[in-house]
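S.K.: What follows is a predicted structure for the sequence shown.
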Amino acid sequence: MKTSVNILIGIILLTIALSLILVYVNTHPPRYPLHIPPSTYRVDYEPLSFKTEDGIILKGWLIKPPHPEVKSPAIIICHGVGANKSDFTELAAYLSRRGYYVLLFDFRAHGESGGSRTSLGYHEQKDIAAALSSLQSRPHVDRKHVGIYGFSMGGAAAILAAAKSGAFAAVAADSAFTSLRDQAHDAITGFYRLPSFPFVPLTVLGYELFFQTRVSNISPVQVIRRISPAPVLIIAGEGDRLIPADNGRRLFAAAGEPKELWLIPGADHGGTLAAAGAEYEQRLGEFFDRYLKRP
């Protein structure tokens, strides 16, 4: 009897420990070493440094359009977990050539930015707010025509920030999750191949204790409607196993008008741009052109 109790206690403690390890691993990604400065694509840029409201120093690049207007539109680009601003240097250079100021930056705990942990979308809203403030302080940036593009966690954070601030004139999100609870379920059952119970509720509880917030506060699907009447473009890969395309369908269904949905056949997580090729840049550029450029 005593042996059985000890075994049960051991299993419970091991399950709790594994759940906490999952929370720690996913909120402390290694610093991705990729470094592709905008000069690689022969565009004019300057390095930026700005501070969030909670004191984190973030690093970024401001890429300038080749022929800026007196007031030019602008776009902020947000990377995913474990990546950095270099992931989208080529896309940013392309958008700058279409006439945009483009701000690439590293989220907290990523790239060259400060901070030791990512909150998977919660505190990253502060990072986006600081990036927007830095961008809008530029005299040649049209403050009323700023768009935002985000991938994965960056897409989820972009939706949350846009819904909260109402400051973005157009929002594009690629492979964004509907909610952090849903993403925890998909990752635990699909990626880690663990049972939903008890690991999902335990990891959710661990996250809430770690960041002192309810996981329900990281739920883009609950707030995306607030972005309207600003337009939303939802992109998803139909072969995505980490954040399945159903996330994109649900975000699109919950969004207000105007809205667009683009499902890319066969694209896995992180592979949408490569799968669509030049069409990706063109469709994204045309989306921003419709809503950010003055008639």
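M.R.: Cool, got the structure. Keep in mind it's a predicted model, so treat the numbers as computed, not measured. Numbering: from 1, shown residues only.

S.K.: Let me see the contact set for residue 125.
M.R.: 157, 160, 161, 164 (Cβ atoms under 8 Å, 6 or more residues apart in numbering). In this view, the C-beta of every residue, glycine as well, is placed from N, C-alpha and C.

S.K.: Leaving aside the residues adjacent along the chain, what's closest to the last one?
M.R.: This means residue 164. In space, residue 164 comes closest to residue 125 once its chain neighbours are excluded; the distance is 6.5 Å by Cβ to Cβ, 6 or more residues apart in numbering.

S.K.: which stretch of helix or strand covers that neighbour?
M.R.: helix 124-136 (DSSP states H and E).

S.K.: Report all helices and strands that the following helix or strand past that helix contacts.
M.R.: Sequence-wise, the next helix or strand downstream of helix 124-136 (DSSP H and E) is strand 141-151. Under the contact criterion of 3 or more Cβ pairs under 8 Å, 6 or more residues apart in numbering; DSSP states H and E, strand 141-151 touches strand 72-78, helix 124-136, helix 153-165, strand 170-174, helix 278-292.

S.K.: buried ones in the first one?
M.R.: Pointing back at strand 72-78 there. Neighbour counts using 16 or more other Cβ atoms under 10 Å place 72, 73, 74, 75, 76, 77, 78 of strand 72-78 among the buried residues.

S.K.: Give me the nearest residue to the fourth one, chain neighbours excluded.
M.R.: Translated: residue 75. residue 147 (4.6 Å).

S.K.: who touches the one you found in this structure?
M.R.: When contacts are taken as Cβ under 8 Å, 6+ apart, residue 147 is in contact with 73, 74, 75, 76, 168, 169, 170, 171, 172, 288, 291, 292.

S.K.: Kindly state the beta-bridge partners for it.
M.R.: Residue 147 forms beta bridges with residue 75, residue 170, as assigned by DSSP bridges.

S.K.: Give me the secondary structure label for the nearest residue to residue 106 once chain neighbours are set aside.
M.R.: Closest residue to residue 106 apart from its sequence neighbours, by Cβ to Cβ, 6+ apart: residue 113 at 4.0 Å. Three-state call for residue 113 (DSSP: H, G, I helix; E, B strand; the rest coil): coil.

S.K.: For burial, what's the neighbour tally of residue 113?
M.R.: 22 (other Cβ atoms under 10 Å).

S.K.: what does stretch 38-48 contact?
M.R.: 37, 59-64, 66, 89-90, 92-93, 96-97, 103-105, 134.

S.K.: could you give the mean pLDDT of it?
M.R.: Averaged across stretch 38-48, pLDDT comes to 97.

S.K.: Equivalent analysis for stretch 199-209, please.
M.R.: 94.

S.K.: Poorly predicted segments of the stretch 1-150 of the chain, please.
M.R.: 1 (pLDDT under 70).

S.K.: in it, which spans are strands?
M.R.: For the stretch 1-150 of the chain, the strands defined by DSSP state E, counting those that start in this stretch cover 45-51, 57-63, 72-78, 101-105, 141-151.

S.K.: Buried residues in the helix holding residue 125, which are they?
M.R.: Neighbour-count burial for helix 124-136 [16+ other Cβ under 10 Å]: 124, 125, 126, 127, 128, 129, 130, 131, 132, 134, 135.

S.K.: Who does the nearest residue to residue 138 once chain neighbours are set aside form a beta bridge with?
M.R.: Of all residues not flanking residue 138 in the chain, residue 101 sits nearest, at 6.9 Å (Cβ to Cβ, 6+ apart). Beta bridges link residue 101 to residue 74 when assigned by DSSP bridges.
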